[in-house]
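> after the sequence you'll find the predicted model.
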Amino acid sequence: MRAAAPPVKTVGRPDVQVDPGTDTETSPDRLWNVIVWNDPINLMSYVAWIFQKLFGYSLEVATRLMLEVHHEGRSIVATVEREKAEYYVTRLHQYGLLATLEKQAG
Amino acid sequence: LIVFEIAREKDGTLVLKMPEMQAKVMRQLVEWLRELLARPDFTNSVIQRLFPAAYRDGKQEAEYRALLGDDLRRRKLECIDHYEKTFRESRRRRGRVEVRIAAEAFEFWLGFVNDMRLTLGTALGIKDEAMAAELDLEGDQGHQAALFHYLGFLEEELLKARGFPDSQALYEEK
């Protein structure tokens, strides 16, 4: 069950999905970051699998984001409109990941 | 001793074969989680882990929770139902139990196994990866620790059976 179309627009971070319907250069206050936090229980493979499944990322991108979570403690896995960010966070919680959303810094 | 086997059929169904005793333990796992989810106590660390916050801001979090309602709890119960169904429909052949996980049930099945790992890991007080790797299998919580490792291995093997690389391979890709 794929939740969203593959990335169609990239801004700043070419590896992370950005809402295709939003002009990020003129209305950055409309965008929210979906952040996944490191935890000591979830398996690396499981986390990467979820990133692929939920966001439609390639294995390479999903692995890079997973390793960023592991090494840096957190990773921005998508930057989208608030409603979609809430949807993603809800799905990530269903999968058992620690995820939050926060407004993208202006 | 971990002695399960996983085979993948052409339609994506996974067939998990295990000894009767392992199947019995696996089937009984649902009771603990179902009981926790029946009346979630949000002062319980396991429940806090299973229902993490979406917002750091308390007011936004309260609004989000109100909107979300019971969805997250119901999803977890749905995972339990799918998992249990595969055991109800399992077959016994040559002293082993065969559990069939259809492609459409895989996500729910894995979801339950992962929730169970989160439940066990939190109950064991795992705070970091080193602690998870060095759990005492001989102590008072040895049974829970063994189950935690067993389910981790099973989760890796289930993902591998679906063609996904294991954690070690992903880590070494960096």
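Arrived safely.

> any low-confidence regions in chain B?
B:1-2, B:173-174 (pLDDT under 70).

> which stretches in chain A count as helices?
Under the criterion DSSP state H, helices of chain A are mapped to A:44-55, A:59-72, A:82-94.

> alpha carbons only: can I get the helix or strand containing B:Tyr64 in PDB?
If you go by DSSP states H and E, B:Tyr64 is part of helix B:58-68. Below are the C-alpha coordinates for helix B:58-68, written out as PDB (Å, rounded to 0.1, in the frame of the first residue of the first chain):
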ATOM      1  CA  GLY B  58       1.300  20.500  24.000                       C
ATOM      2  CA  LYS B  59      -1.700  22.400  22.500                       C
ATOM      3  CA  GLN B  60      -1.000  21.200  19.000                       C
ATOM      4  CA  GLU B  61      -0.500  17.700  20.200                       C
ATOM      5  CA  ALA B  62      -3.900  17.800  22.100                       C
ATOM      6  CA  GLU B  63      -5.600  19.000  18.900                       C
ATOM      7  CA  TYR B  64      -4.000  16.300  16.800                       C
ATOM      8  CA  ARG B  65      -5.000  13.600  19.300                       C
ATOM      9  CA  ALA B  66      -8.600  14.800  19.400                       C
ATOM     10  CA  LEU B  67      -8.600  14.600  15.600                       C
ATOM     11  CA  LEU B  68      -6.900  11.200  15.500                       C
END
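
> enumerate the residues of chain B near chain A.
B:50-56, B:64, B:68, B:71-72, B:75-76, B:107, B:110-111, B:114-115, B:117-118, B:121-122, B:126-129, B:131-132, B:152, B:155-156, B:159, B:164-167, B:170-171, B:173-174 (C-beta under 8 Å from any C-beta of the partner chain). For glycine as for every other residue, the C-beta is placed from the backbone atoms N, C-alpha and C.

> contact partners for the most centrally placed residue in chain B?
Geometric centre of chain B, nearest residue: B:Val113, 1.4 Å, by C-alpha atoms, centre = their mean. B:Val113 is in contact with B:Tyr83, B:Leu151, B:Leu154, B:Glu155, B:Leu158, counting by C-beta atoms under 8 Å, 6 or more residues apart in numbering or on different chains.
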